[in-house]
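# how would this look folded up:
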Amino acid sequence: MRPDIHPEYRPVVFRDRAADFAFLTRSTATSDKTIVWGDGNTYPVIDVEISSASHPFYTGTQRVLDTAGRVERFERRYGRRKP
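The predicted structure follows:
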């Protein structure tokens, strides 16, 4: 690897506010916000919209999609197909 062209790889906390879940990992992502972790050290924190704690695949919860409403809205917008 060439020196001085790669971003710094350091510990970062990713926080899912919706699920009140955070985890410490290593990343090149940067942030101006910081958080004091359980080990007493201060790390940059990056807020994410969804994580394994809130994703339906990992939690086993399913969202009900209104497919009939989507079809009707599509037909209103673009018209019904003539057979």
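
# ok, residue 26 touching residue 11?
Yes. The pair residue 26 and residue 11 qualifies as a contact (Cβ atoms under 8 Å) at a distance of 5.6 Å. Where you see a C-beta, it was placed from the backbone N, CA and C, and this is true even at glycine.

# more crowded one of these two?
residue 11 (13 against 9; other Cβ atoms under 10 Å).

# Make sure that one is indeed in a helix.
No. Counting by DSSP: H, G, I helix; E, B strand; the rest coil, residue 11 is not found in a helix; it is strand.

# residues contacting it?
24, 25, 26, 41, 43 (Cβ atoms under 8 Å, 6 or more residues apart in numbering).

# Can you tell me which residue sits nearest the middle of this protein?
residue 50 (3.5 Å; Cα atoms, centre = their mean).

# quick revisit: just the buried residues of the contacts of residue 11.
residue 43 (16 or more other Cβ atoms under 10 Å).
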